[in-house]
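1. I need the structure of the sequence given here:
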Amino acid sequence: MNKDFIKSKVIEILLDKYITVDEESNSLHTAILPGNMKKNKIYVGDNVIIKKSYDTYLITEIIKRKNFVMRPPVSNISQMILLISIDNPKPDYILLDKQIVLCKVKNIIPIICINKIDLLNDKLDLELEYIKKIYSNLNIELLQISSKNEIGLDNLKDKLKNNTSAFSGNSGVGKSSVIIKLLNNSSLKIEIGEIGSKTNKGKHTTKYVKLYNIDKNSFILDTPGFSSYELYDIESEDLKKYYDEFSKYECNYLDCNHINEGIAECKIKQAVNNNEIDIQRYERYKYIYASLKTKEDVKYK
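-> Residues are numbered from 1 along each chain as shown. This is a model prediction of the structure:
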């Protein structure tokens, strides 16, 4: 590439200014959109070409995105760290299953990261075994960490190298505190949410979307905290495509959604009855399917 043009990644957007990181030198540059490109929408995570013009950097090109996630709006995510806590709050498996579906739809590698393992006891050991049994069988990598006791953070950091990794999870699982530990920057201005003793729910703390540069070509993204995560860009009838455990079964009807069909025709229902497919994950599939179907019915009325 012509040395006058610099390939960079947008890590933060402040009004009409775009904070970018140079792919080669890892240097920070603040760029703007010239008048002839104002109609273009730029998101955090976009790879762009910038050029210096006098004392200003101009964005001259937006490189085609690998993927785009609408909520929150970020692009070019290579992997998503699906952070759950073993307790306080307890794992939200419906949210986790939705996030895995989203990753598959958007061609993002999911990694399940279990925080607060310092809380493990006999009862929670069973919870951990359930997570391992179900999700390891789906070929999803599992990591165990304790942000509080700094257990497993080096292993997690290794997974982030040469990736743009989004951290996702419901409120209270410790997203912001994990990121602060990974960045080794106690002065970082990310508020850490405490668990409310009365509601046992985490407070929403992260204010905006930003990529943090942890190494050359290695970025992490703290997505805003949320307690619900609605799927989009997917129809209810397509949901089954993103459940890997369904793929080895062939139902009598090609359009079987494994919901209202009879057990004689539906191989998935037979597999659930035979304990070949986890019944709890199947019930969550039915719940997610019904949620998508309800939204479709309202939309197309």
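2. state which strand of the protein is the longest.
-> Longest strand of the chain, by residue count under DSSP state E: strand 5-14.
3. what comes up buried for that one?
-> By neighbour count on 16 or more other Cβ atoms under 10 Å, the buried set for strand 5-14 is 6, 8-13. Glycine gets a C-beta too; all of them are placed from N, C-alpha and C.
4. repeat for stretch 131-150
-> Under 16+ other Cβ under 10 Å, the buried positions of stretch 131-150 are 131, 134-135, 140, 143-147.
5. gap between the longest strand of the chain and the chain center?
-> Chain-centre distance of strand 5-14: 21 Å, with Cα atoms, centre = their mean, to the nearest Å.
6. C-terminal to that strand, what's the next element?
-> Per DSSP states H and E, the first helix or strand lying C-terminal to strand 5-14 is strand 17-22.
7. which strands and helices sit next to that following strand?
-> Helices and strands touching strand 17-22, by 3 or more Cβ pairs under 8 Å, 6 or more residues apart in numbering; DSSP states H and E, are strand 5-14, strand 28-32, strand 47-53.
8. now for these, which one comes closest to N121?
-> Nearest to N121, of all the helices and strands packed on strand 17-22, is strand 5-14, at 40.2 Å by Cβ to Cβ.
9. quick check: angle from the closest one to strand 47-53?
-> Angle, strand 5-14 to strand 47-53, by axes from the mean of the first three to the mean of the last three Cα atoms, to 10 degrees: 100 degrees.
10. for strand 5-14, what is the average pLDDT?
-> Here strand 5-14 scores 94 as its mean pLDDT.
11. please apply the same query to stretch 38-49.
-> Here stretch 38-49 scores 92 as its mean pLDDT.
12. closest one of the buried residues of stretch 131-150 to A31?
-> S147 (34.1 Å).
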